[in-house]
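In: okay, here's the prediction I keep looking at, along with the sequence it came from:
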Protein chains: 2
Amino acid sequence: MVVSVRDVAAAASVSVGTVSNVLNRPEKVSPATVERVRAAIAELGFVRNDAARQLRAGRSSSIGLIVLDVRNPFFTDVARGAEDRAAEDGMTLLLGNSDENPDREGAYLDLFEQQRVHGVLISPLTDDLPRLERLRKRGTPVVLVDRESADRSYSSVAVDDVVGGELAVRHLAETGRRRVAFVGGPSSIGQVADRLEGARRAVAATPGMALEVIETDSLTVLQGRAAGEVIRERPVSERPDAIFAANDLLAMGVLQALKMLGTVDVPGDIALIGYDDIDFASAAVVPLSSIRQPASLIGYTAVDLLLREAAAGSEFTPEQVVFQPELVVRESTRA
Amino acid sequence: MVVSVRDVAAAASVSVGTVSNVLNRPEKVSPATVERVRAAIAELGFVRNDAARQLRAGRSSSIGLIVLDVRNPFFTDVARGAEDRAAEDGMTLLLGNSDENPDREGAYLDLFEQQRVHGVLISPLTDDLPRLERLRKRGTPVVLVDRESADRSYSSVAVDDVVGGELAVRHLAETGRRRVAFVGGPSSIGQVADRLEGARRAVAATPGMALEVIETDSLTVLQGRAAGEVIRERPVSERPDAIFAANDLLAMGVLQALKMLGTVDVPGDIALIGYDDIDFASAAVVPLSSIRQPASLIGYTAVDLLLREAAAGSEFTPEQVVFQPELVVRESTRA
DNA sequence: GGCCCTCGCCGAAACGATTCAGTTGCTGCC
DNA sequence: GGCAGCAACTGAATCGTTTCGGCGAGGGCC
C-alpha cells in the first residue's frame, strides 16, 4: 500500500513527469492539471520518498553538525542558529555529538558521508582529519565551527579564544588577583589551548602575577567539581585567589565544590570566571562572570558560509570569519 | 568521480552482487574474495550511498525524535538516552525541536514521513494529531515520550506528572507553606496540566491551603523571570509563600527575578520548587528543590519500545511505561 | 500556406545498492 | 559413472523520483 508518483499519475490521468513537475515546478504546468494532480495527491495520501529524491539528486538536503557536547548550552545555541539558517534554504540539520571522543566523531563523519550530506559543520577534536579531506575531495563543503584551521585551508567561523582568555585574566588582574589557576582540558582541544594561551599572555603582562594549570579530562560540570575539590582541600595559603575555567560548565562545577562545605567564599576568597556565558551562568549560586560568544550567530554564519561554498563549487576560496569575545562581569569576580 | 558498487566490482573482478554480499553478509563469501573486494573498496575509497540503500529497503535507519525544547537539559538528556539505545541497533537519531510550536512540530513530522524514518518519538503538543495517525497507517511506529496517550492507543514512556505535582506541593505543605503559586503554561501542554492537577490534589488534601495559578506562555527561563517579576512587584502581603514552577527553567527564571533586587528572600520569604531536576538546578543561586525524572532512561526505553514495535509489525499492542518521579529537596524549600 | 515558437505534456533513462532466481563447479556417496 | 547437495558467484530486476529529449497542438508572422 505504498503510494508512488506512478499511482498519483494514474489517478490524475497524467504522466509521472507531470506529477514531478507539479511537485517541483508547478508554474510549468497548466492550472487545471495542477489542480487535478494535487487532488489525486491529497486523495491517495501521497508523500514524497526522500531517499529516491536524494538518490537522483546525488546528495541529500541535510547538513551535518558535529559538536563537542550537546549538553553544553553553548552548542545547542550554535545548533539553533545553524538550524535557522538551514531552514531558510529548506535544509535540515543533522546533529551529532562527539562527546570529545574521536571514535564518535569519526562515526558521525562516516555516517554523514554515507548520507551524502550537503555539507559538514564540525567543531573538530584534532586539527587534521583525513576523513575531512576525503569529504572535501568528494565535493562536500566542510566548515569548522568555533575553531580556526591551522593552515587556513578550511572555511571557519570562530571566536578569537586567545583574546577571550586574555580578557578574562586581565579582568582578574585588574580586580587585584595575582595567583590564577586555569581549570580546563584536555589541552588537545584547540579552544582550551587558545584560552590558556590568552591567559598566559595576560599573566605575562602583569608583573607579579602567577599562573597555575589544573588539567581536566573534559569540559563538564563533573570535571569542574573535581577540580574545585582539589583546590578546596588545599591549605588556604596554597589556594589561588582566582580561577579561570575554560568554560561555564567547568566553572559551575568548580563553584559547586567551593561552596559545598561553606569553607571557601566566592568571590571573597577566590574569584571565578568562566567562558561561553551560557544562560545558566547568570543564575548560578554566585552569578558567574564569563566571556560571551555569539553562539547562535556562529551557527547561523557557519551554515551561511557552507551554503555559499556549496553553491560556488570548486572555485571557492576558504573564508575565515572571526568574532570577538566580550567580557561579562558579574558577582563572581567582584573585587 | 563517484565510486559505486559497480566500480568496486570491476576493480575486484567480481559481480555487484558479490560486493553487496561482502558488505552485508561476508560469511557467505569466500575469504579470498572478501579480501579482494575489501582491498578494492579501500583503494577506490568507496562509501556506500545511504539513499540507495534506503530506497531499496523501503525505510531509513533513522529514528525521529521531536522534543518541546532542545535548550531544556531534560530533553537533551532524553535524547542522549534515545541515541544510546538507537546506536545499539546501528540506528541514528534525528532530533527535531518543536519549540512548543504546532507548525514546527508538523513540519518535522512531514519531514520524518518523507524520510521514511523507522519510527517516531514525540513529546506532542496536543493529544490527537492526524499526522501521527497517518504515520501509523503507513506502518511507522510512534511512541509518545514524557506523555501518555489519552486513549492508550499509542505506546508511551512517561513519568506520572500528577504524582510529581502532588509530591512537590505536599512537600511545600509539610514545610509549612500555605499560599502556593503555580507558575507554568500553556495549560494545553499535557505535562503542565498534569503537574497542576497534582498540585490541586495536594492543596485539597491540606486544610487551609490555597493555590493560585500564574500562567506563562512557555516553559523558558525568560517566561519564568517575567512571572517572578509579577510576584516581586506585589505588596508583601499579597505574595505567595511558596512557588511551584512547572519546570526548572521557569523556576530558575523566577529565582533570578526574586533575587534581583534583593527584596525577596528564598526560601525565607518564598519557597521555590521546580521540576525535572536538571544539572543546573543544584548550582543555582539558591540550590533548587525539584522533582526528578529519569530523563535518559525515558529516552532509552522509548527507543527500545519503538524498535520492538517495529519488529513485531501489526500484531503489536501498545504498551504504556510509567516511571515514578522523585522529590529532591535542596536549599530553596528549607522551612 | 508555410515556418517557427511556445506551451503542455509524455515516457524512458538514470541514480546506486540489494535481492533472488539461476549457473557453475566441486565433493561425496551409492 | 551418475547424481544429489552445496558453496560461491552472477546479473538482471527493483525501489521511487527527477530529468530531459521529444512530440503534437496552437498561435503569430510573413
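Out: The structure has been received and is ready for your questions. Numbers count the residues shown, from 1 in each chain, chains lettered A, B, ... in the order given.
In: could you list the low-pLDDT ranges of the stretch 51-200 of chain A?
Out: Applying pLDDT under 70 to the stretch 51-200 of chain A picks out residues A:127-128.
In: and residue A:9, that one's in a strand?
Out: No - under DSSP: H, G, I helix; E, B strand; the rest coil, residue A:9 sits outside any strand and is assigned helix.
In: of all of the stretch 101-250 of chain A, which residue lies closest to chain B?
Out: Scanning the stretch 101-250 of chain A for the residue nearest chain B gives residue A:114, at 4.4 Å (criterion: CB to the nearest CB). All C-beta spots, glycine's among them, are computed from the backbone N, C-alpha and C.
In: number of residues surrounding the residue lying closest to residue A:263 once chain neighbours are set aside?
Out: Spatial nearest neighbour of residue A:263, excluding adjacent residues (CB to CB, 6 or more residues apart in numbering or on different chains): residue A:232 at 6.3 Å. Neighbourhood size, residue A:232 [other CB atoms under 10 Å in any protein chain shown]: 17.
In: thinking again about what came up before, let me know whether the residue of the stretch 101-250 of chain A closest to chain B touches residue B:51 as I believe.
Out: No - counting by CB atoms under 8 Å, residue B:51 is not a contact partner of residue A:114; they are 9.1 Å apart.
In: these two: which is more packed in?
Out: More neighbours surround residue B:51 than the other of residue A:114 and residue B:51, with 24 against 14 (other CB under 10 Å).
In: distance of the more buried one from residue B:41?
Out: Using CB to CB, to the nearest Å, residue B:51 is found at 19 Å from residue B:41.
In: which residue sits closest to the residue of the stretch 101-250 of chain A closest to chain B, ignoring its sequence neighbours?
Out: residue B:50 (4.4 Å).
In: for that neighbour, give me its contacts.
Out: A:114-116, B:60 (CB atoms under 8 Å, 6 or more residues apart in numbering or on different chains).
In: swap in 7 Å and give it another go.
Out: Counting by CB atoms under 7 Å, 6 or more residues apart in numbering or on different chains, residue B:50 makes contact with A:114-116.
In: all helices for chain A, in order.
Out: Using DSSP state H, the helices found in chain A span residues A:5-12, A:16-24, A:31-44, A:50-57, A:73-88, A:102-114, A:130-137, A:161-174, A:190-204, A:221-232, A:248-260, A:295-312.
In: enumerate the residues of chain A near DNA strand C.
Out: A:13-18, A:21, A:28-30, A:32-33, A:52, A:55-56, A:58 (CB under 7 Å from any atom of the strand).
In: can you do 10 Å?
Out: Counting by CB under 10 Å from any atom of the strand, the residues of chain A close to DNA strand C are A:5-6, A:9, A:12-22, A:25-37, A:51-59, A:114, A:116.
In: right, and DNA strand C sits closest to which residue of chain A?
Out: With CB to the nearest atom of the strand as the measure, residue A:17 is the residue of chain A nearest to DNA strand C, at 2.1 Å.
In: and the residue nearest to residue A:263, what does it touch?
Out: Counting by CB under 7 Å, 6+ apart, residue A:232 touches A:257-258, A:261, A:263-264.
In: for the most centrally placed residue in chain A, which non-adjacent residue is closest in space?
Out: The residue lying closest to the centre of chain A (CA atoms, centre = their mean) is residue A:75, at 4.2 Å. With sequence-adjacent residues excluded and distances taken as CB to CB, 6+ apart, residue A:75 is closest to residue A:67, at 4.0 Å.
In: what of residue A:252?
Out: Spatial nearest neighbour of residue A:252, excluding adjacent residues (CB to CB, 6+ apart): residue B:283 at 4.7 Å.
In: looks like that neighbour contacts residue A:286 (just checking).
Out: No - Residue B:283 is not in contact with residue A:286 according to CB atoms under 7 Å; the separation is 9.9 Å.
In: in the stretch 101-250 of chain A, which residue sits closest to DNA strand D?
Out: residue A:116 (13.5 Å).
In: count of neighbours near the nearest residue to that residue once chain neighbours are set aside?
Out: If you skip the residues right next to it in sequence, residue A:116 has residue A:59 as its closest partner in space, 4.4 Å away by CB to CB, 6+ apart. Using other CB under 10 Å, residue A:59 has 18 neighbouring residues.
In: what's the spacing between residue A:59 and residue A:311?
Out: Using CB to CB, one obtains 13 Å as the distance from residue A:59 to residue A:311.
In: and what of residue A:94?
Out: Residue A:94 sits at a distance of 20 Å from residue A:311 (criterion: CB to CB).
In: so for these two, which residue has more residues nearby?
Out: Using other CB under 10 Å as the criterion, residue A:94 and residue A:311 rank with residue A:94 on top: 25 against 10.
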